[in-house]
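Novice: Could you work out the structure for the sequence below:
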Amino acid sequence: GRFGKPLVKGNIVGRQSTTTMKAYAQGGYADGFQFTNNIGYLSADQGFEFESFTYPQTGIVVASNVMFRTFFNRVGIYPTVTNGQDIVFDGNYFVSQQQPALAMKKDWVSLRWINNTIVSPDRTYYWGGPPEMMRVFDSGGYSSILQLSNNTYYGGQIGASPNKGWIRNDTNYSFAQWQSGGLDTSSTFTTILPTSNVVFFFPFSERRGYAHIAIVNWQAASSQNVDIAGAGLLAGEPYEVVDVENYKGGPIFTGTYSPASSTISLPLGLTNLSPRIGKLELLDQWGYDNAHSTNFAAYVLRSTAIMDPAYVTDHQYTNATSIGTGDQSAGAPYPSTIEVWGLRGSVTNVTVTLRKIGHAFPDDLDILMVGPQGQKIMLMSDAIGNNNPGGVDLTFSALSGAVVPDNNTVSNGVYRPGDFDTAES
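Specialist: This is a model prediction of the structure:
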């Protein structure tokens, strides 16, 4: 992450015996990471963990993620590195398991913890200490900037100290005391658990007709309505929904998309579970790997017609500038660039059309197409002989049944690329 912002997006990770997701380095850098639209569930350790043994971490962003029944979100665990520069948690939904939603070590200069929802139903201990909801530091030479605001906390059962659990610089405060110290002044806290279901819908901008769905089932309902309009499905397009915890068990819902009725009802309380491979003792200890999760479900929605020609969207891109040809020289302009944008999903076919081709001796023409990452294909080289095409339109497609001819005349049509002097490149 030293020279960029690595993006960790759109993953579903469950039943981990250790951390669900982390940015971690020994002897290197682990900064700049951006985590967004990820779903994690039933992990026996942290939801997010950020550690660097050698260099301070900077520029970490954790936004719009869902973590269900992971232990806690650890920031700067190891004290071997000081002065981690900044980290942001924004708009996440965390359901913790028996430990604090945020356990912040003493080596971060700046923390922004904003717009998050935190539910801690079983807040009973933290490494043998008192019950905790949050743990932060901003004194004693440690973190100097803490911004905690617009968060919503649900405390659940917290033992004999129902108003404690907000740890600042190793002192245990009530939420009111925490706010009076300037933290979370615009946030809310209640010991009552949520009573309404929460639906998360993460469509993929990179892949039309595909989305991840997570439902926190606080109502213990048997089904939940979900609007799938944002997935990019086309009218009449078939699709299916698969339960992540039984991914190999086939779809739990199939349908044909209609923009007029984009809300579907997904079943909850599912029990079938894909068998695991190997033995994970921590998961066995917590009972995570013995049954389907309760109060939570994660799904994959996917089109079943992405490769069907009826649902493939054609995109055309053009450069109308004429290309001049000289004798033993490059074309003018060279190269002739065509910009491509706005594509989603998989590219299944590419065709190229050259209009009004004319040359006294077309055998001299070498026409090369090069992709943005250096991929290249010779569309036509040493073809058509000395038969002047006289202004024809040629389309090149790998799917054509006819190859552009070597020495014969040519007319308007679709041809496979032809290279009749492979020594050239």
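Novice: Tell me, please, the helix or strand in this structure that averages the lowest pLDDT.
Specialist: helix 281-286 (a mean of 52; mean pLDDT, DSSP states H and E).
Novice: need the next SSE after it, C-terminal direction.
Specialist: Toward the C-terminal end, the helix or strand that comes next after helix 281-286 (DSSP states H and E) is strand 296-303.
Novice: Low-confidence bits of the stretch 101-250 of the chain, can you list those?
Specialist: Screening the stretch 101-250 of the chain residue by residue with the criterion pLDDT under 70, one finds the ranges 101, 105-108, 122-131, 139-144, 156-163.
Novice: how does it look with 90?
Specialist: 101-112, 118-146, 154-175, 190-193, 205-208, 234-237, 245, 247-250 (pLDDT under 90).
Novice: the helices in it, which residues?
Specialist: 175-180 (DSSP state H, counting those that start in this stretch).
Novice: what's the burial count for residue 207?
Specialist: Here the number of neighbours of residue 207 (other CB atoms under 10 Å) works out to 17. (Glycine included, C-beta is placed from N, CA and C.)
Novice: Over to it: give its phi and psi.
Specialist: The main-chain torsion angles of residue 207 are listed as degrees, to the nearest 10 and equal phi -150, psi 110.
Novice: any idea how far it lies from residue 339?
Specialist: In this structure, residue 207 lies at 22 Å from residue 339, with CB to CB, to the nearest Å as the measure.
Novice: Could you do residue 255 as well?
Specialist: Noted for residue 255: a distance of 37 Å to residue 339, by CB to CB.
Novice: What of residue 197?
Specialist: Spatial separation of residue 197 from residue 339 under the definition CB to CB is 45 Å.
Novice: The two: who's more crowded?
Specialist: With neighbours defined as other CB under 10 Å, residue 197 and residue 339 compare such that residue 197 has more, 16 against 8.
Novice: my guess is that one meets residue 222, correct?
Specialist: No - under the contact definition of CB atoms under 8 Å, residue 197 does not touch residue 222, with a separation of 11.4 Å.
Novice: Show me what the helix or strand containing residue 69 packs onto, helices and strands only.
Specialist: With the criterion set as DSSP H and E, the secondary-structure element containing residue 69 is strand 66-70. Using 3 or more CB pairs under 8 Å, 6 or more residues apart in numbering; DSSP states H and E as the contact test, the elements touching strand 66-70 are strand 39-41, strand 93-96, strand 210-216.
Novice: Using a markdown table, lay out those strands together with distance to residue 235.
Specialist: Formatted as a markdown table, the helices and strands packed on strand 66-70 follow (distance: least, CB to CB, whole Å):
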| stretch | distance to residue 235 |
| --- | --- |
| strand 39-41 | 28 |
| strand 93-96 | 32 |
| strand 210-216 | 17 |
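Novice: Could you export those as a markdown table, including distance to residue 358 and mean neighbour count?
Specialist: What follows is the helices and strands packed on strand 66-70, written out as a markdown table (distance: least, CB to CB, whole Å; neighbours: other CB atoms under 10 Å):
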| stretch | distance to residue 358 | mean neighbour count |
| --- | --- | --- |
| strand 39-41 | 58 | 25 |
| strand 93-96 | 63 | 24 |
| strand 210-216 | 45 | 23 |
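Novice: of all those, which lies closest to residue 170?
Specialist: Of all the helices and strands packed on strand 66-70, the one in closest proximity to residue 170, counting by CB to CB, is strand 93-96 (20.1 Å).
Novice: helices or strands up against the closest one?
Specialist: Based on contacts counted as 3+ CB pairs under 8 Å, 6+ apart, the elements that strand 93-96 packs against are strand 66-70, strand 117-119.
Novice: for these, which one ends up most surrounded?
Specialist: Between the helices and strands packed on strand 93-96, the one whose residues have the most neighbours on average, counting mean count of other CB atoms under 10 Å, is strand 66-70 (a mean of 26).
Novice: same question for that strand, mean pLDDT?
Specialist: Strand 66-70 shows a mean pLDDT of 81.
Novice: For that strand, which strands pair with it and how are they oriented?
Specialist: Its sheet considered, strand 66-70 pairs with strand 39-41 (parallel), strand 93-96 (parallel) by DSSP bridges.
Novice: now for these, which one comes closest to residue 365?
Specialist: Nearest to residue 365, of the strands paired with strand 66-70 and by CB to CB, is strand 39-41 at 53.2 Å.
Novice: ok, and what's touching the closest one?
Specialist: Under the contact criterion CB atoms under 8 Å, 6 or more residues apart in numbering, strand 39-41 has outside partners 11-16, 20-21, 47, 65-70, 200, 202, 212, 214, 293, 296, 298.
Novice: where's it relative to the chain centroid, distance-wise?
Specialist: 12 Å (CA atoms, centre = their mean, to the nearest Å).
Novice: what do you get for stretch 9-27?
Specialist: A distance of 13 Å separates the centroid of the chain from that of stretch 9-27, by CA atoms, centre = their mean.
Novice: Mean confidence (pLDDT) on it, please.
Specialist: The average of the pLDDT scores along stretch 9-27 is 81.
Novice: start to end distance for that stretch?
Specialist: Its first and final residues considered, stretch 9-27 spans 25 Å by CA to CA, to the nearest Å.
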